[in-house]
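Undergrad: What would the 3D arrangement of this be:
(2 chains)
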Amino acid sequence: MSRVRHFRNSSFQLALLYAGLFATSILVLFALTYRTAADYAAQDEADEIDVEFVAIQDEARLAGDERLVQIIANHLRQRSSEHAAYLLEDAGGQRLAGNIAARAPQLGPQTLRVPVDGQWRELRAHGYRLENGDYVLIGQDPRALRDMKHLIARAFGVNAAVTLLLAVLGGVIISSRALRRVEALGRTTQAIVAGDLSRRLPLRGTDDEIDRLSANVNAMLDRIEDLMRSVRQVSNDVAHDLRTPLTRLRQRLEQARRRGDASPRELREVLEGAIAQVDCILETFGALLRIAQIEAGGRGAARTALDISALLTGVVEDFAPAAADRGQLLLAEVASGLQLTGDREQLTQMLVNLLDNAIRHAGTGARITVSACAGTAALEIAVADDGPGIPAPERDNVLRPFYRLESSRTTEGSGLGLSLVAVIAKQHGATLALADNGPGLRVTIRFVKSGAAARPSDAPVTVSDVLAQR
Amino acid sequence: MRILVIEDDAETAAYLQGGLEEDGHVVTLAVDGRNGLMLAATGDFDVLVVDRMLPGLDGLAVVRTLRASSVGTPALFLTTMSGIDDRVTGLDAGADDYLVKPFAFSELAARVKALGRRPRATAVTATLLRVADLELDLIKRTVRRAGQPIALQPREFRLLEYLMRHAGQVVTRTMLLENVWDYHFDPRTNIVESHLSRLRTKVEKGFTPELIHTVRGAGYCLREPG
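TA: Okay, here's the model as predicted:
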């Protein structure tokens, strides 16, 4: 992990930012403390000088002003270890006592520059005028103040250094850990981008933000993998299903070409066969397109409030003669006045496909019933017959595109009829169920009420999703 | 009939022209929308066959412009496999019929004929259709043949009405599904045949001559004998 990487890493940058903020606040705190402490110490020293003067004054009052020179000398001796300065001048400016040279009398606080051990040193000083007119100057080394300033500066300096060091160290440690995890995620996603859809992001089981994000991404990948699989399945199915009629078509045409002596009538038969074969292929494409269109076609695009009872009985009337021609009985058991919001053409096609299936597969003499009833929660439409039905293990399979039962493999048809029913049901927020009618098959479509039919679930509906329902 | 075909695909255009001329029509060809619009607006045609997708000006715009300038020549849209929305927008734009590619030529021929002779009504009055001795009363919703009343189911009545309105023309199974049943898809069950055979039994049995004929490979035709 290079150093540059650390600087680009967001958690490290965050750690640095915190360190900077810390350092700044320490600096501000230091400035305030330093200032307050310095002011306090300066005042303290000024007070000390005042106390010294008051002491000298008191002693002079007791012993008499003529003893002043002696008093100053005593004080000087007492504080010889400190760099204290004393000066006594008479009213005429004549130096009487002290350890510094005579100077023009100046009253009040002042700074005194004196040579100490060959060095110029600044002393804090105060000039006073005595009652007898003498001038007294007392100065002392602001050592306490200097020491305190040093102490404060050192304390804050160490503090700031330790804080910064800890912040940077912490930033490096935290960011390294985050970086390692993010890099692991990056490696996995790169593998996925490269085509390995089976890879999943690693989880630590800590349920922290990264774990939750990873879990979500994994769930998304599961779904994508599912979709990819079904798209593959569908295109396989399409290719496979079209192979047979295309092969037959090619055979017919090649046969006709080989037989150079074929009569016009024979050629015509071949051509008619070929056209029928092409129509069969086109029908498959048509059904696929229709499914795609219904899926893509805006939900609620052509939705209106429908008298579904009238629609159902109308279609049943249309189909009854054809059923009768096959010796079947087609009946409608539909409660009157049922309302449903939906696409008239799609719902018509849905019922037509179900009736097509029932009439084609239920067999001669079958009884086919279209029923509809509404409960409080849902409206149910059912198409039931008493034909051979579909064995339980096959019921889910028949919803797959192109799937045909072994028994009906020879009958024509695109094998997409029920897929279309499924997609129309899904677009209407309805569920499709195949069940045993004892005997026969019962297909139930259940529309959930309270406007739910007009607003299918928000989950996106995709081509392969619906096509590959199984 | 004089027919204007507006179609940009050369092969399809040649196929349409050849077939329609074989059927005895006079065909003019336009290869783009602008040219087609100009010809349609200035020429005297009985039917327009217009491809939906055209370079420059598309079929929808051609027909819409024609209708806006009060050119009422019947128009048939040709389009690639498509759904209800396309059909609705096409008809809204002012097209009279709609055919999805690929189609059997017989289907196109039948529809072109139906469009061209549209108002060739056998209507005696506005409310009574008559072909030979077969009468259909649109108001009373009754049917008589040779004066004898014939009872029909509602769907059979609509079927007969459509056939009589197009008397002498071939109507295809798809035309019947669209216009009589309002099904814009093809059920696998032969509902047209079943209804037609019942209608025939009711209208023809015991009467001569035969009026409803099956045209092999094309559809049905109700026509006066002779």
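Undergrad: any low-confidence regions in chain B?
TA: Residues of chain B that meet the criterion pLDDT under 70 lie in B:81-85, B:117-125.
Undergrad: what's the pLDDT at the closest residue to residue A:175 other than its chain neighbours?
TA: With C-beta to C-beta, 6 or more residues apart in numbering or on different chains as the criterion, residue A:175 has its nearest non-adjacent residue at 3.5 Å, and that residue is residue A:12. (Glycine included, C-beta is placed from N, CA and C.) Looking at residue A:12, its pLDDT is 72.
Undergrad: For the one helix or strand residue A:12 maps to, which helices and strands make contact with it?
TA: Assigned by DSSP states H and E, residue A:12 falls within helix A:10-63. Judged by 3 or more C-beta pairs under 8 Å, 6 or more residues apart in numbering or on different chains; DSSP states H and E, the packing partners of helix A:10-63 are helix A:68-78, strand A:119-129, strand A:135-140, helix A:143-193.
Undergrad: Out of the ones you listed, which gets nearest to residue A:19?
TA: helix A:143-193 (3.2 Å; C-beta to C-beta).
Undergrad: Now do that closest one against strand A:119-129: the angle between them, please.
TA: Counting by axes from the mean of the first three to the mean of the last three C-alpha atoms, to 10 degrees, helix A:143-193 lies at 120 degrees to strand A:119-129.
Undergrad: The following helix or strand past helix A:143-193 vs helix A:143-193, what angle?
TA: The C-terminal neighbour of helix A:143-193 among helices and strands, as given by DSSP H and E, is helix A:209-258. Orientation check (the same axes, to 10 degrees): helix A:209-258 against helix A:143-193 gives 20 degrees.
Undergrad: right, is helix A:209-258 up against chain B?
TA: No: Helix A:209-258 lies apart from chain B when judged by C-beta under 8 Å from any C-beta of the partner chain; the minimum separation is 14.5 Å.
Undergrad: ok now that helix, how far from the chain's centre?
TA: Helix A:209-258 sits 32 Å away from the centroid of its parent chain (C-alpha atoms, centre = their mean, to the nearest Å).
Undergrad: Next: stretch A:293-310.
TA: 35 Å.
Undergrad: Only the C-alpha atoms, please, for that stretch, written as CSV.
TA: Coordinates of each C-alpha in stretch A:293-310 appear next as CSV, following Å, rounded to 0.1, in the frame of the first residue of the first chain:
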residue,chain,number,x,y,z
GLN,A,293,-44.9,-5.3,-26.5
ILE,A,294,-47.3,-6.0,-23.6
GLU,A,295,-44.3,-5.9,-21.2
ALA,A,296,-43.0,-2.7,-22.6
GLY,A,297,-46.3,-1.1,-23.4
GLY,A,298,-46.8,1.3,-20.6
ARG,A,299,-48.6,-0.1,-17.7
GLY,A,300,-52.0,1.4,-17.5
ALA,A,301,-51.6,2.7,-21.1
ALA,A,302,-55.0,1.6,-22.4
ARG,A,303,-56.6,0.8,-19.1
THR,A,304,-60.2,1.6,-18.5
ALA,A,305,-62.9,0.4,-16.2
LEU,A,306,-64.4,-2.6,-17.9
ASP,A,307,-67.6,-4.6,-17.5
ILE,A,308,-65.6,-7.8,-17.3
SER,A,309,-68.8,-9.9,-17.1
ALA,A,310,-69.9,-8.7,-20.5
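Undergrad: Fine by me, thanks again.
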